[in-house]
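Undergrad: When you get a sec, could you give me coordinates for this:
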Amino acid sequence: MHIHSIQRQVLHQVFTISCVGIGICLSLGSAWAENESQATSVLFADQFERTEKDQGKEQPGNGWGTNSKTRAKGVKQVFLGDGKMHIKRAAVADHGVSVTQDVSFRNASITLRFMVPKNGDLGINIADMNEKSVHAGHICMARIKPASLEIVDLKTGRMKKEIHEKNKAKKLTKADKARIAAKSIVLPLKLKTGIWHGLEILIMDDTMTVKIDARKIGSMASPGIAHETKRRIRLAVNTEAWVDDITISAIE
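TA: Residues are numbered from 1 along each chain as shown. As a prediction, this is how the structure comes out:
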């Protein structure tokens, strides 16, 4: 009986060790899976360490495009210098400056450094030029001003084609205006002007989150943000801004 008792104890210990081992493996597997789901891959990066071949012309390089030809009568609005991109709307422009980069993603982290003057602003506009239900491909945007941050779902809000057309025709109803208002949030901000700040925009499924200098300023969830494939990022400036060290990373 004593031998059988020892055998039972040994078997129990082996079984316990096996279970613990399986538990550890499962835990590690979960951790690995979680880390894998958070893995990122860089889709685009630019430190603007270059100069224009002809400083009298707009030559942002590295795949960037602008709307200066169509919206500012060809007047230069984008300038490279000291390893930075300077964006300033021309007096003749009939629209804000749009500096575009084609890059495709669903979920992404967008980081950059920026600086604005007292009257400055910087919008990070996400678009899909293949999406015909909206005006000019607009999907969503974060716009930073010295005193405010706006996060907006453009796809199901003010850039939805029928809403945009009604707005141009000045035929928006109270219901339309209420719907537009529900698709954005405006948060107060006390941003120091004339100095550089770090910006991080995280787009995850239907939620956009904005951090400035590693501090979360705000986030918003809305259906349009979950648009399956974003295909373009626009640096949208109505007045003036400086940008540097931009990185766009996909989040799987």
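Undergrad: Check the contact between Ser109 and Glu200; I expect there is one.
TA: Yes - contact criterion C-beta atoms under 8 Å: Ser109 and Glu200 qualify, at 6.6 Å. (Each C-beta comes from the backbone N, C-alpha and C, glycine too.)
Undergrad: can you map out the strands along the stretch 151-252 of the chain?
TA: 184-188, 197-204, 207-212, 215-221, 230-237, 240-251 (DSSP state E, counting those that start in this stretch).
Undergrad: go on, the stretch 1-150 of the chain?
TA: Counting by DSSP E, counting those that start in this stretch, the strands of the stretch 1-150 of the chain are 40-46, 65-66, 78-81, 84-88, 97-105, 108-115, 122-127, 138-145, 148-153.
Undergrad: Tell me which of the ones you listed sits nearest to His164.
TA: strand 138-145 (8.6 Å; C-beta to C-beta).
Undergrad: what's the distance between the nearest residue to Asn130 once chain neighbours are set aside and Ser184?
TA: Distances taken as C-beta to C-beta, 6 or more residues apart in numbering put Arg231 closest to Asn130, at 6.5 Å, once the chain neighbours are dropped. Using C-beta to C-beta, to the nearest Å, Arg231 is found at 22 Å from Ser184.
Undergrad: Could you tell me how many residues sit around Lys211?
TA: By other C-beta atoms under 10 Å, the residues close to Lys211 number 16.
Undergrad: Stretch 128-137 spans what distance, first to last residue?
TA: 5 Å (C-alpha to C-alpha, to the nearest Å).
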